[in-house]
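J.: only geometry, no sequence info:
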């Protein structure tokens, strides 16, 4: 049974709700998932897992959520060699079209720069935004959940498709 560490920060509880949905779904698929609120732990806890899911909403104008912002100085020093990481975040593509999912991009790029393997890239064609630090070569560096403009069922469908993809990568 593969173990996954799922780390999230949440202010409005959307990212927490998504994290709990993902944990339940993955455990039904025979994965062991430990879930952590990044505001309650030391960032070095990420290194205890080879398979990592990170959730962070984008706040204000392209910024990390407060808990992630607090741990980022330590996070950016971590060595992620040998780690697989899948990223997701909540954002508002209509209200903030010039920085949709920037927080995911900030965290994912640092993870990759520090030796980690990114999995779970997601196509941009389901979204309507202008720019994002999270976008590279027509793909997002992770899953974007827009609870502001989409209903919960739509977001759950996106999560299921994304989780099915990353489960294969975690198993290889």
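T.: Now that the structure is in, tell me what you want to look at. Model, not experiment: these values are computed from the prediction.

J.: tell me where the chain has strands.
T.: Ranges of strands within the chain are 3-8, 32-37, 51-55, 58-59, 63-64, 84-90, 117-119, 122-123, 135-136, 139-140, 143-145, based on DSSP state E.

J.: for the ones you listed, which one sits closest to residue 170?
T.: With C-beta to C-beta as the criterion, residue 170 lies closest to strand 51-55 of the strands of the chain, at 4.6 Å. The way it works is simple: take the backbone N, C-alpha and C, and place the C-beta from them, glycine included.

J.: remind me what that closest one packs against, helices and strands.
T.: Of the remaining helices and strands, those touching strand 51-55 by 3 or more C-beta pairs under 8 Å, 6 or more residues apart in numbering; DSSP states H and E are strand 3-8, helix 14-28, strand 84-90, helix 102-113.

J.: buried deepest among the ones you listed, which one?
T.: Burial of those is given as mean neighbour count (mean count of other C-beta atoms under 10 Å); strand 84-90 ranks first at a mean of 29.

J.: give me the sheet partners of it and which way each runs.
T.: The partner list of strand 84-90 in its sheet, established with DSSP bridges, is strand 51-55 (parallel), strand 117-119 (parallel), strand 143-145 (parallel).
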